[in-house]
Structure formats: C-alpha cells, structure tokens
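model the structure of this input:
(one chain, ligands or ions: 2)
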Amino acid sequence: MSNPSLLILAGDGIGPEVMGQVRRIIDWFGDKRDLKIDVSEDLVGGAAYDVHGTPLHDDTMAKAQEVDAVLLGAVGGPKYDVLDFSVKPERGLLRLRKEMDLYANLRPAQCFDALADFSSLKRDVVAGLDIMIVRELTSGIYFGEPRGIITEGNERVGINTQRYTESEIARVARSAFELARRRGNKVCSMEKANVMESGILWREVVQKVHDEEYPDVELSHMYADAGAMQLCRWPKQFDVIVTDNLFGDLLSDAAAMLTGSLGMLPSASLGAPMANGRPKAMYEPVHGSAPDIAGQNKANPIACILSFAMALRYSFDQGAEADRLEAAVAKVLEDGVRTADLLGEEGVEPVTTVGMGDAVLAA
Ligand code: NAI
Ligand code: MG
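Ligands and ions are numbered 1, 2, ... in the order given. Now for the predicted structure:
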C-alpha cells in the first residue's frame, strides 16, 4: 500500500511557527514508528498572495483535491486588511472548503486533566472530557433561499430560510456515525423537531440512516435547546453530537470553551468518501494567525499538533498512533510544561513554541 499523503499549508502569522513543530513530529513518526507520510508543502492566504497575487493558486487547489488530507495552519494578518475582498487571505480557506465540498465540521471538546482548573465549570464536570461536535457546514439557514431584507407595507422584513434536503442530512449523519465507530460508538442528534419542519425531516433521516446502515451505533435525539443545557450540566454524557449549521455554530463554540484556551483546540472538516473509502479532509487549529505574538516563538503549537492527531485517526487509520500523540501532549501538561497562553499558576516559566515541541517529542 502506498504511504498516506498530506498537504501542509502553513499560511500566515503563527501558522508556520506551530506547523514547524508538527513537521518535527511527522519526522519522529517516520523514524521511530516507521509511519511514512508523503508530505508536500504549499502556500495559502497572505503568503500565497505575496507570491501569486491570489490567496490560493489553482495548482494548490488541485493538489488539495488529490491528497489524503490537508493540514492548514492559519491565514490572515493586518498587512492584508487593505486587500480587496476577492483576494483576502480568508478567501483561500473558503475556496478550499467549498471546492473540496467539506460539509461536516468536526470540533472536539477535549479537556486534559492537567488543565481542568482552567475551565469555568467545576473540575469534576470537565476533567477527562472528550466529545466531538459534528456541524453541518454547507447548507441550512446560512445559505437557504429566499433571503434578504424586503419592504412589506411600511416596514422592512429580514428573511433567512432554514432548508435541508434529505441527501444533505444523510451525508452528514453518515460522517457522524463513521466517527462514532472510531470513538465511543454513540451519536446524539440535535434539532428542534418540536417547532421546525426541517427538524422533523432531520430527525427522520438521521434515524433512517442509522437503522439501515449503522444499527450498531447507539443513537439518541435531543432538542437543541435541551442539548445546550445538557452540554453545560454534564457534557460527559455525550460522545458524538451531530447537528445543523446554525445550532452547530453555537453549540461548538460553547463546547470549546468548556475546556479553556484557543491554543489547545483542533478541528477538522470532512467531505465525501474518496475512492479509498476515506473522506476528503482538511485539519486545522481553531485559532487564527495571532499577529500580536507572531514571529516571537511564543505560540502554543498544541492545537496544530492535535489537528495532526485527528488526521492520523480519521484520515490515515492510525488510531493507536493518534492515541500515542495525544498521550504525549497530556503527559507534557501533567509535567507542568506551559506556553504563555496556558499560564495560571504562580512561578511557572513559560516555554517557547519550540520548547513545547521539544517536550512533546521527548514524551
Ligand atoms: P486569533 O485566533 O489569531 O487570536 C486571538 C487571541 O488568541 C490573540 O491574542 C492570540 O495571541 C491568541 N492565540 C491564538 N492562537 C494562539 C496560540 N496558538 N498560542 C497562543 N495564543 C494564541 O484571532 P484574531 O486575533 O481575531 O485574528 C487574527 C487574524 O487571524 C485575522 O487576520 C483573522 O482574520 C485571522 N483568523 C484566521 C483564522 C483561520 O485561519 N482559520 C481563524 C480566525 C482568525
Ligand atoms: Mg462560530
């Protein structure tokens, strides 16, 4: 079998700094675990604009379509704020998501024991938390027609439409069930079937996909507002949550904050299965290019490292190696190693970006 292929797009600001640590980890897996990955690198965002006058070159787009996974750092920065909307760094990212048709956005909420006191919730509630929110990303109320602001009589009316086809619901449900099989084998689907027809259809289709294709996975349904309450009350009851674009936007941001710092949060966006059965995939930290600390060797590389761990698990079928990497991160945090964004305790000296990479490699 050929090696898995990974396209690295480090991007702007702290992107290349945090990605540098992932490169070292990829090399480590090649040397010590005989896990060879065919890595190629290219430009995205402002870095691509500087060279090509566009935030994503067509050749880069074509490469992204061919590889098993894309790993992206971050894009953007004050230098590019003056650019026309059509060539802004973020457009590079949007083009990747759109042309790869990445309809399932995965946002894990994971709480490392050593950081449980960072959370605004009680330690018991969050310590060891490991849940995954799957948000439908390419349809729903952010895209549905009709939309706009119209005038009716003597006042204006703002209109957006929640619209989901059966196939759009079925494909994101499949993504969630596939993930659940690699995790805790449990899916909770959230909608508002009590007040929205789109929610009634959502519930029916998710149930049908379950019964016909994934009867081995435990499925439950919850109204999204009740889900929001349960997420704050006892998040450990969940494994995978699947929900629409709007509810997923809110629930994934809320769940992320159960666990603390932006420098810790990975994500993935998945599309349709490719010929090899694995989904099209792009992995990236949730954070941006952090211009305020860029170039200072201060950024926390863990979000990017954990994004690579997700690629190992969900694109390369290397769940055991992903566990190994996540365990190394947990160990480093147990040992009290902290980048500046994770400081809280008195008298702890922060490590640099490279220092955190050193510690993870050593662990
Ligand atoms: P940001 O995520 O870049 O930074 C927010 C705050 O968190 C800053 O104080 C930053 O120093 C800190 N931070 C972020 N990541 C960190 C890390 N790994 N380690 C330590 N501290 C970290 O968001 P902001 O400031 O709103 O946006 C900055 C630029 O990034 C903008 O140009 C924005 O458009 C872009 N952006 C890009 C994203 C992407 O590439 N996916 C996502 C969000 C913003
Ligand atoms: Mg949001």
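
can I get the CA coordinates of the helix or strand hosting residue 132 in PDB?
Using DSSP states H and E, residue 132 sits in strand 130-136. Output in PDB follows, covering the C-alpha atoms of strand 130-136 (Å, rounded to 0.1, in the frame of the first residue of the first chain):
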ATOM      1  CA  ASP A 130     -13.700  14.000  25.200                       C
ATOM      2  CA  ILE A 131     -16.700  14.800  22.900                       C
ATOM      3  CA  MET A 132     -17.000  15.600  19.300                       C
ATOM      4  CA  ILE A 133     -19.500  18.000  17.700                       C
ATOM      5  CA  VAL A 134     -20.200  17.400  14.000                       C
ATOM      6  CA  ARG A 135     -21.700  20.600  12.500                       C
ATOM      7  CA  GLU A 136     -23.300  20.600   9.000                       C
END
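
other SSEs contacting that strand?
strand 104-110, helix 166-181, strand 240-243, helix 245-257 (3 or more C-beta pairs under 8 Å, 6 or more residues apart in numbering; DSSP states H and E). The way it works is simple: take the backbone N, C-alpha and C, and place the C-beta from them, glycine included.

first vs last residue of stretch 281-294, how far apart are they?
27 Å (C-alpha to C-alpha, to the nearest Å).

what about it, near ligand 2?
No: judged by C-beta under 5 Å from the ion, stretch 281-294 stays clear of ligand 2, getting no closer than 9.6 Å.

list the buried ones in that stretch?
For stretch 281-294, the buried set under the neighbour-count rule, 16 or more other C-beta atoms under 10 Å, comprises 281, 282, 283, 284, 285, 286, 287, 288, 289, 290, 293, 294.

list just the nearest of those residues to ligand 2.
For the buried residues of stretch 281-294, the residue nearest ligand 2 by C-beta to the ion is residue 286; the value is 9.6 Å.

looking at it, the closest one is touching residue 265, isn't it?
Yes: with contacts counted by C-beta atoms under 8 Å, residue 286 reaches residue 265, the gap being 4.0 Å.

so for those two, which residues contact both of them?
Jointly contacting residue 286 and residue 265 under the rule C-beta atoms under 8 Å, 6 or more residues apart in numbering are 107, 256, 303.

what lines up beside the strand holding residue 132 in the sheet?
strand 104-110 (antiparallel), strand 240-243 (parallel) (DSSP bridges).

hang on, the earlier thing: ok, and of the buried residues of stretch 281-294, which contact ligand 1?
Among those, the residues within reach of ligand 1 (C-beta under 6 Å from any ligand atom) are 284, 287, 288, 289, 290, 293.

can you give me the helices in the chain?
15-32, 46-52, 58-66, 89-99, 123-126, 166-181, 197-213, 224-233, 245-257, 302-314, 319-334, 353-362 (DSSP state H).

just how off-centre is the shortest one within its chain?
Its chain's average C-alpha position is 23 Å from that of helix 123-126, according to C-alpha atoms, centre = their mean, to the nearest Å.

that one packs against which elements?
Partner elements for helix 123-126 (3+ C-beta pairs under 8 Å, 6+ apart): none found.

quick check: buried residues in that helix?
Buried residues in helix 123-126, counted by 16+ other C-beta under 10 Å: 125, 126.

what does this protein put close to ligand 2?
Proximity of the chain to ligand 2 (C-beta under 5 Å from the ion) is limited to residues 249, 253.

for the chain, what lies in contact range of ligand 1?
14, 18, 74-77, 90, 93, 262-263, 284, 287-293, 299-300, 303, 341.

if we go to 5 Å?
When proximity is defined as C-beta under 5 Å from any ligand atom, the chain approaches ligand 1 at 74-76, 262-263, 287-290, 292-293, 299-300, 341.

looking at the residues you listed, which are in strands?
residue 74 (DSSP state E).

among the residues of the chain next to ligand 1, which pair sits farthest apart?
75 and 341 (19.7 Å; C-beta to C-beta).

of these two, which one has the most company?
residue 75 (30 against 18; other C-beta atoms under 10 Å).

now the more buried one: phi and psi?
phi -130, psi 160 (degrees, to the nearest 10).

name the nearest residue to it, sequence neighbours excluded.
In space, and not counting its chain neighbours, residue 75 is closest to residue 45: 2.9 Å by C-beta to C-beta, 6 or more residues apart in numbering.

who's in contact with the one you found?
9, 11-12, 15, 55, 74-76, 80, 89-90, 92-93, 289 are the contacts of residue 45 under C-beta under 8 Å, 6+ apart.

drop anything exposed from those residues.
9, 11-12, 15, 55, 74-76, 80, 89, 92-93, 289.

report the lowest-confidence entry in those residues.
Lowest pLDDT among these: residue 93, with 92.

so who does that one touch?
Taking C-beta under 8 Å, 6+ apart as the test, what residue 93 contacts is 44, 45, 55, 72, 75.

one more time with 10 Å
9, 11, 44-45, 55-56, 72, 74-76, 269, 282, 284 (C-beta atoms under 10 Å, 6 or more residues apart in numbering).
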